Structures are given as structure tokens and as C-alpha cells.
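1. Sequence and predicted structure below; questions after.
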Amino acid sequence: MRAAVARAAGGPEVLDYTEAEVPRPGPGRVLVRVAAAGVNFIDTYQRSGVYPLAFPAILGGEGAGTVEELGEGVTDLAVGDRVAWADGNSGSYAEFDVVTADRLVPVPGQIELETAAASMLQGMTAHYLINSTYPLKAGETALVHAAAGGMGQLLTQLAKAKGARVIGTTSSAEKEQVARAAGADEVIRYTEVEDLAAEVRALTGGVGVDVVYDGVGASTFDASLGSLRKRGLLALYGGASGQVPPFDVQRLNRGGSLFLTRPTLAHYIETREELLWRSGEILSAVAAGELTVNVGARFPLSGAAAAHTALSGRATTGKVLLVP
């Protein structure tokens, strides 16, 4: 098969499009023919060495496709079944991937496999952030960073479905329109303001927001803390601009008894029941037309390096996919 293989830790240039052995599914695992693989910031963290990985490695932990072969003991799937996954580290940047059977979820017939691949990691992340990390309620206000990105658009749609007010941040007028189309009530172009937190407070009567959903990290962290109301919560779920350095926890005290959490999807889909709940609600909403998943860029599998460059450079809106 063909695959995008990271030779060593480094920049996008370490990704080679090359021949690789088709993996064999061991007990409890399934070989899937990949229709599309999601490109996520966690992939760039693994490629760069921020998250340790044994090299050489096929990156990718999200995708959708059809079941090709069953490993020993797998009885609840059949060859030809349409499935999707977001297991975090399976090797989806390839024509075939082996995934643990209980990490696969069924794809409704109304959904294209590319759309399913685009829905899994970001969709379930938005689901746990909105429903579990900070259960957002009608009338509350959320600050959503990178509101024109794939995650930002999903968070905005789910927050609006809860009856919440959304303040989004973007870098340009073009991206502002994308964020507003997703439902953002107000949008701040962070490239055009000197004090982002002051702008947020001006929009909230000086009070601050109930919750900040921040996947940007280093460049937005201070403004995120400064935008919260007393006893507000910052959900720092990613580090697109870099990892947040250690800080004085007394800042949480001075800011008004603030809460800070650094959640990750794996801890919110540990059980099969929780995985099926979150994926089922997201995929059902997509199938019903209640949730729009915007695929902003498609790259061939040979373009994995270009996909990483575009994602890291914030040159995309919506989800980025690799299509074998």
C-alpha cells in the first residue's frame, strides 16, 4: 500500500509518501480500507516530537472507510461495513489501517465517508467540551477561539443549539464571515485589537464570559484568562500556536477563583458506551442536517506535508482531510 510515513521527529518535510506493508489485523482488530483520514493538530505534535512517538511511523488517528478483513474474535462487524474512528494513533495516513474493533463506530447511510472522517475527532471533542467539560446552558456566554476553524465552527453550532451566546475570534474579515455563518453572535478579529480580553469584557458589560474554549494555546492563554467572569472556566483543549508554559496558579485566584482544565478526547471516550454516545449524537446530527461539518481542504495522501503546513499556518478554514 501507499502511506505517508514520518521518518523522524521534525517539520512537515519529514513526511514521505512511500510504499509500506499492508498491516494485518490481530485478535480484536479490524483492517479498514481508508476512504479519508482526518488531519489534526495532534498529528503535528506527534510529527514534531512534542508528543513522543517511535519513528519511522505512519501518522493519523482519525478516519473513515470500509471493513476489509476481521481479526480473530471480531463478531459484531462484517466485511464491507462502513465505519469511522478517532482512536488517536492508529496510522490512518495510508490506504489501509488497522483499528481496534471496539473503537470503530457505524456510519449512517446518509453520510458520505469523507464527511464521517471529518466529523469524528473534532465533533466528539466539541461534544465533550460543550456537554461535559463545561455543560453550557441557555443564556450563558462562551468565547470560542479560532471560530472559523473546523473545531470553532462545530463548537459555535453546538453552543448556539444550547441557547448560549457565542463570541468568536478570527484573524481576518474572510474568516469572520465563516464564523458568523456558523452562528457566532459577535466576532473579534484578534489581529486588529490591542487587548483581546478588554474587547471581550466590553461585549459582556465588564463581567466576562462563563467559559472559554481555547485550542490555540500559547498566544491566547493570557487573554483567555482575562476574559473570564469570576469562577469562570478555561477549557484549554489544544496548542495550535504552541504549548502554554508553566505559570503561577495564583493567577487563578487573582482572576476571580477561576477554573482551568486541560482535557483530551481520549479521557472522554474511554468506555464503549461513551464513545457510541458522543459519536452517535454527532453523526446523527450531521445526518439530520442539524450540524454542518465544513471540509475546508482536501489533500491527496501524497500531500501530507502540504496539509500539515497549511494546518499549522492557519491557512485553512474547516476540516483538513487526506484522501488516498
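-> Good, I have the coordinates.

2. how far away is the residue lying closest to D102 once chain neighbours are set aside from E19?
-> Counting by Cβ to Cβ, 6 or more residues apart in numbering, R272 is the residue found nearest to D102 once chain neighbours are left out, at 5.2 Å. Quick note: C-beta positions are derived from backbone N, CA and C, even for glycine. Look at R272 and E19: by Cβ to Cβ, to the nearest Å, they are 35 Å apart.

3. neighbour count winner among those two?
-> Neighbour count, other Cβ atoms under 10 Å: between R272 and E19, R272 has more, with 11 against 8.

4. So what does that one look like in phi/psi?
-> The phi/psi pair for R272 (degrees, to the nearest 10) reads phi -60, psi -40.

5. Show the pLDDT at it.
-> Confidence at R272, expressed as pLDDT, is 96.

6. Please apply the same query to N40.
-> pLDDT, N40: 90.

7. Next: G88.
-> 71.

8. list the contacts for it?
-> I42, G61, E62, L265, A266 (Cβ atoms under 8 Å, 6 or more residues apart in numbering).

9. same check, this time on D16
-> Contacts of D16 (Cβ under 8 Å, 6+ apart): A4, V5, A6, R7.

10. give me the number of residues near the last one?
-> R7 is flanked by 13 other residues according to other Cβ under 10 Å.

11. I figured it hits L59, correct?
-> No: contact between R7 and L59 fails when scored by Cβ atoms under 8 Å: they sit 11.4 Å apart.

12. Need the residues touching each of these two.
-> L15.

13. roughly how far apart are the one residue sitting closest to the centre of the chain and A173?
-> In the chain, the centroid-proximal residue (Cα atoms, centre = their mean) is Q122; its distance is 3.2 Å. Counting by Cβ to Cβ, the gap from Q122 to A173 is 24 Å.

14. P246 now?
-> 36 Å.

15. more crowded one of the two?
-> A173 (10 against 5).

16. wait, doesn't K175 sit right on G152?
-> No: the pair K175 / G152 is not scored as a contact, 9.1 Å apart, by Cβ under 8 Å.

17. quick one, which of these two is more surrounded?
-> For K175 versus G152, neighbours defined as other Cβ under 10 Å are more numerous around G152 (29 against 21).

18. what sits against the residue nearest to that one when sequence neighbours are not counted?
-> Excluding its sequence neighbours, the residue lying closest to G152 (Cβ to Cβ, 6+ apart) is A146, at 4.7 Å. Applying Cβ under 8 Å, 6+ apart, we find A146 in contact with G152, T169, T170, G215, V216, A240, R314.

19. What residue spans form the domains of this structure?
-> Per the record, the chain has its domains at 2-121+269-323, 137-262, by automatic domain parsing.

20. now the end-to-end length of the longest one.
-> Translated: domain 2-121+269-323. 12 Å (Cα to Cα, to the nearest Å).

21. now that domain: how far from the chain's centre is it?
-> Domain 2-121+269-323 has its C-alpha centroid displaced from the chain centroid by 12 Å (Cα atoms, centre = their mean, to the nearest Å).

22. wait, isn't G139 in contact with A159?
-> No: with contact defined as Cβ under 8 Å, G139 does not count as touching A159 (11.6 Å).

23. who's more crowded, the two?
-> The neighbour comparison of G139 against A159 (other Cβ under 10 Å) goes to A159, with 27 against 10.

24. can you confirm the more buried one is in a helix?
-> Yes: the assignment for A159 by DSSP: H, G, I helix; E, B strand; the rest coil puts it in a helix.

25. Help me confirm that the residue nearest to G152 is found in a strand?
-> No: A146: not assigned to a strand; according to three-state DSSP it is coil.

26. List the contacts of L283.
-> A84, V105, V107, P108, I111, A116, S119, G123.

27. Where does it fall, secondary structure wise?
-> Per DSSP states H and E, L283 falls inside helix 272-287.

28. what's in contact with the helix or strand just after that helix?
-> Moving toward the C-terminus from helix 272-287, the next helix or strand (DSSP H and E) is strand 295-300. With contact meaning Cβ under 8 Å, 6+ apart, strand 295-300 is reached by 39, 114-115, 118, 150, 306-307, 310, 316-324.

29. try 7 Å
-> 114, 118, 150, 306-307, 310, 316-323 (Cβ atoms under 7 Å, 6 or more residues apart in numbering).
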